[in-house]
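K.L.:
sequence first, predicted model second:
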Amino acid sequence: YQALSVVLLLAQGGLLDLYLIAVTDLYWCSWIATDLVVVVGWAIFFAKTSQGHRGSAGSHHQHHNRAAEAVGEFAFAYLAWLIYSIAFTPKVVLILGTSILDLIELHAPLGTTGFRLTMALSVPLLYSLVRAISEVGTPPQQHRASGCFLGTCLDLLDSFTLVELMLEGRVPLPTHLRYLLIIVYFLTLSSPVLWLYELNAAAAACSRLLRLLGGCLVDVPLLALRCLLVVSYQQPFSIFMLKNLFFLGCRGLEALEGCWDPGSPASGGSQLSHCITENNEAGAHGYVNTLDVASQ
């Protein structure tokens, strides 16, 4: 999956560079240099992940090191996706927001269909990133990462169908609405930064806040755009509107639950199980310390 991630990065970046270089007279060195920076950054991230996994394999406190390792890996993953989003956004904005898209339709192989496929490579790239790091994480983190990935796939599909309106030209959209569609798409594309950081966060309250923030940044704009298209442009109701309402409701209930009961029993259970695991190796003194933690 690490090798697949690098291949997808090179494929998507190379195809976008080809579109920009073939149909414009822009400086090609800057686009290629940007791709190289992203690929090198991801390669360093994967190298650190593999090195940390091998280094902790023969350690004495394997459980403790594995937990710390998983946290660090998800922290690096959040940085990796942030770098990718920053590098990917200007290229696609330049194509969607200018006449380059029309030139691609006229001169590039496969036309805008190839451009659509290039944009869609973000989904398998995110899947490869999650799979590359989740094998060494703890099972709760693996399940949480899988759930977040599925939610992001639905959000990306929702936002991409909105971008399709602009690519097909079936609906005459004003300029400001076209830019709103582009902004919402890239908010959705950048949303994995929040839940990858959430997997690295220790506090339950911080996790709930990040989930609610992600819902407000993604589902609220998507729902607002859908309502605007239905009211002003006579577009049909979409099933994605129900998806947005459902996701917002779930994240709002999670935030209310955190405010109502800030002391999460899950964190206490995790702390107790961690103490029991460590103190099993420490003998009678460890048993006394475990009882002390349980009483607290």
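P.N.:
That came in fine, so what should we check first? Residues are numbered from 1 along each chain as shown.
K.L.:
what distance do you get for the residue nearest the centre of the chain to Leu94?
P.N.:
Geometric centre of the chain, nearest residue: Pro192, 1.8 Å, by Cα atoms, centre = their mean. Distance of Pro192 to Leu94, given as Cβ to Cβ, to the nearest Å: 23 Å. For every residue, glycine as well, the C-beta is placed using N, CA and C.
K.L.:
close enough to count as contact, the residue nearest to the centre of the chain and Leu150?
P.N.:
No - counting by Cβ atoms under 8 Å, Pro192 stays clear of Leu150, with 11.8 Å between them.
K.L.:
ok, now how distant is Cys216 from Leu187?
P.N.:
Here Cys216 is placed at a distance of 10 Å from Leu187 (Cβ to Cβ).
K.L.:
same question, Leu36
P.N.:
26 Å.
K.L.:
neighbour count for those two, which is higher?
P.N.:
Using other Cβ atoms under 10 Å as the criterion, Leu36 and Leu187 rank with Leu187 on top: 18 against 12.
K.L.:
go ahead and confirm Arg116 touches Glu168.
P.N.:
No - at 10.3 Å, Arg116 and Glu168 do not qualify as touching, with contact defined as Cβ under 8 Å.
K.L.:
these two - which one has more neighbours?
P.N.:
Arg116 (14 against 9).
K.L.:
which strands or helices does the helix or strand where the more buried one lies pack on?
P.N.:
Using DSSP states H and E, Arg116 sits in helix 111-120. For helix 111-120, the packing partners by 3 or more Cβ pairs under 8 Å, 6 or more residues apart in numbering; DSSP states H and E come out as helix 2-23, helix 100-107, helix 139-168.
K.L.:
report the buried residues of that helix.
P.N.:
Using 16 or more other Cβ atoms under 10 Å as the test for burial, helix 111-120 gives Gly114, Phe115, Thr118, Met119.
K.L.:
returning to that earlier point: how far away is the residue nearest to the centre of the chain from Val230?
P.N.:
28 Å.
K.L.:
likewise Arg251?
P.N.:
In this view, Arg251 and Val230 are 23 Å apart by Cβ to Cβ.
K.L.:
Thr34 - how many residues pack around it?
P.N.:
Neighbour tally, Thr34, other Cβ under 10 Å: 18.
K.L.:
tell me who's in contact with it.
P.N.:
Contacts for Thr34 (Cβ atoms under 8 Å, 6 or more residues apart in numbering) come out as Gly13, Ala87.
K.L.:
how big is the angle separating whichever strand or helix holds it from helix 2-23?
P.N.:
Element membership of Thr34 [criterion: DSSP H and E] is helix 28-57. Calculated by axes from the mean of the first three to the mean of the last three Cα atoms, to 10 degrees, helix 28-57 forms an angle of 180 degrees with helix 2-23.
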